[in-house]
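Engineer: what would the 3D arrangement of this be:
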Amino acid sequence: MKVLLATNSLAHAAGSETYLLTVALALQRLGHEVGLFTFEAGEMSELAGSSGLRVATSEEQLDGGHDAIIVQDGVTSYALAERFPSVPQLFVAHTADYALQYPPQLSGAVGAVVALNDRVATRLEALAHCPQLIRLRQPIDTRRFIPLSSLPSRPASLTVLSNYLQGERLEIVRQAARDLGMSIAVVGVSEGGEPTLSPEEYLYRSDIVLGCGRSALEAMACGRAVYVFGHIGADGWVTPETYEALEQDGFAGRGSRSVTDADELRTELAGYGASMGLANQSLAVRHHDAGTHAAELVAALRRLTSENGARSPDGSLREMSRLVRLEWQTERRALTFEHRLRDAERERNDGLRELERVHRELHKVVSGRRYRLAQALARPLDFLRRRRRRDGDPNR
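Structural biologist: Got it, this is the predicted structure:
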């Protein structure tokens, strides 16, 4: 098959961008002719090119003859439905939080929708228009993410793998790691983090990994002990007993466990066990192998009909693509301003707390015996100084 995979942005490393590259390489290994398309190029499109994939960054660079198209946002779905009206589309939905990544609500754009967890599937089923829904699991390249060492009996290192963790929640993790005597690394574009296109290099050096979504699965495949901890909440350790529920929710870290301070997290992390690594790696290979996922996608693509052909290209879908893209750009700016506002509010609160601390220290000083004694000793000097001023003494 000749398959085109498309996404609005391949500018930065994130979950849906990593998914697209993972699937593209897995399809290529199965012998399919694979191409990528994006409106926003960047480090991920460069990585795709260096991996041997053809990447188009404008519609003019696209050729024809595709047997199927895989999309994961409204922008590319509408645009490609307009350009290739007779080619069936499969939409992969990664989240229920952003309208950009909802499947098109105009019938005839996509033939089926893939949901990667039950939480997203439930939200998609509630949409006014939801084509055939296919439930698959999040794929991980288990050739790339592999265990290079076993876990020690006592953990010595902790890695936060996240693009979103910051502020008080990140400080909770840092404090808990310090209390437990573990080194800590923050990987991703989180506050103080280190962006990377090779997270496995950090995972290999870590005993415990905190993250959510694909981060948790990549760490599992590397045979690490994984604690699901996100910017919203915490869901606890990944174990064979907790795996099913965590997978159904997409390892989202939405707060099934109460972890509100460093003491609670330290208690949770004390549940570490060296056997977690091997168990997690087995779960990742058994349920999340990218090759298996690619084969399931191929089966789904072959079942699709050319539903797109129900619409003739008249420019309306292209206009919808433009509007969805503008909406996402506006929402992205709003999110940026919201984060800046939160940062400013946090700095303001920190400043107020520091001011209160200084006031308390000042009160202790002025109410202390030494300060009162100094005042008493200074009174005669103050009296003489006032008298000189009154008498016009030039040496006052």
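
Engineer: contacts for stretch 121-129?
Structural biologist: 93, 96, 102-107, 113, 115, 130, 133, 135 (C-beta atoms under 8 Å, 6 or more residues apart in numbering). Bear in mind the C-beta positions are built from the backbone N, C-alpha and C, glycine included.

Engineer: let's see it at 7 Å
Structural biologist: 93, 96, 102, 105, 107, 113, 115, 130, 133, 135 (C-beta atoms under 7 Å, 6 or more residues apart in numbering).

Engineer: check stretch 152-165 too.
Structural biologist: Against stretch 152-165 from outside (C-beta under 7 Å, 6+ apart): 14, 170, 173, 177, 182-190, 199, 202-203, 205-211, 215, 219, 225, 231, 272, 274.

Engineer: so which bits of it are buried?
Structural biologist: 155, 157-165 (16 or more other C-beta atoms under 10 Å).

Engineer: and that stretch, how far out from the chain middle?
Structural biologist: 16 Å (C-alpha atoms, centre = their mean, to the nearest Å).

Engineer: and stretch 211-223, by the same measure?
Structural biologist: 12 Å.

Engineer: next one: stretch 19-33
Structural biologist: Remark: stretch 19-33 is offset 22 Å from the chain centroid, using C-alpha atoms, centre = their mean.

Engineer: helix/strand/coil for the residue nearest in space to the middle of the chain?
Structural biologist: Geometric centre of the chain, nearest residue: N163, 4.7 Å, by C-alpha atoms, centre = their mean. Secondary structure state of N163, per DSSP: H, G, I helix; E, B strand; the rest coil, is coil.

Engineer: all strands for the stretch 151-300 of the chain, in order.
Structural biologist: 157-161, 183-187, 208-211, 225-229, 234-237 (DSSP state E, counting those that start in this stretch).

Engineer: a markdown table please, covering those strands and showing distance to A56 and mean pLDDT.
Structural biologist: Output for the strands of the stretch 151-300 of the chain, formatted as a markdown table (distance: least, C-beta to C-beta, whole Å; pLDDT from 0 to 100):
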| stretch | distance to A56 | mean pLDDT |
| --- | --- | --- |
| strand 157-161 | 30 | 96 |
| strand 183-187 | 30 | 94 |
| strand 208-211 | 32 | 97 |
| strand 225-229 | 36 | 97 |
| strand 234-237 | 39 | 96 |
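
Engineer: quick one: closest of the ones you listed to A41.
Structural biologist: Shortest distance between A41 and those, using C-beta to C-beta, is found for strand 183-187: 23.4 Å.

Engineer: circling back to that earlier point, closest to E264 among the contacts of stretch 121-129?
Structural biologist: For the contacts of stretch 121-129, the nearest to E264 is A96 (28.2 Å; C-beta to C-beta).

Engineer: make sure that closest one is indeed in a strand.
Structural biologist: No - assigned with three-state DSSP, A96 falls outside any strand and is coil.

Engineer: any idea which helix or strand carries the closest residue in space to it that isn't next to it in sequence?
Structural biologist: Nearest non-adjacent residue to A96, counting by C-beta to C-beta, 6 or more residues apart in numbering: R123, 3.5 Å away. Under the criterion of DSSP states H and E, R123 resides in helix 118-125.

Engineer: can you give me the helices in the stretch 1-150 of the chain?
Structural biologist: Secondary structure of the stretch 1-150 of the chain (DSSP state H, counting those that start in this stretch): helices at 15-29, 43-50, 74-83, 118-125.

Engineer: ranking these by mean pLDDT, which is last?
Structural biologist: Mean pLDDT is lowest for helix 74-83 out of these, coming in at a mean of 91.

Engineer: and that one, what does it pack against?
Structural biologist: strand 2-9, strand 68-71, strand 89-93, helix 316-366 (3 or more C-beta pairs under 7 Å, 6 or more residues apart in numbering; DSSP states H and E).

Engineer: would TSV of these with distance to Q375 be doable?
Structural biologist: Listed next are the helices and strands packed on helix 74-83 as TSV, based on distance: least, C-beta to C-beta, whole Å:
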stretch	distance to Q375
strand 2-9	66
strand 68-71	77
strand 89-93	72
helix 316-366	9
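
Engineer: for V285, which of the ones you listed is the nearest?
Structural biologist: Distance to V285, taken as C-beta to C-beta, is lowest for strand 89-93 among those, at 21.6 Å.

Engineer: L100 reaches G74, doesn't it?
Structural biologist: Yes - L100 is within contact range of G74, at 6.0 Å (criterion: C-beta atoms under 7 Å).

Engineer: the more surrounded of those two?
Structural biologist: Taking other C-beta atoms under 10 Å, L100 and G74 do not tie; G74 has more neighbours (28 against 20).

Engineer: I'd assumed Q105 was in contact with the more buried one.
Structural biologist: No - at 8.6 Å, G74 does not count as touching Q105 under the criterion of C-beta under 7 Å.
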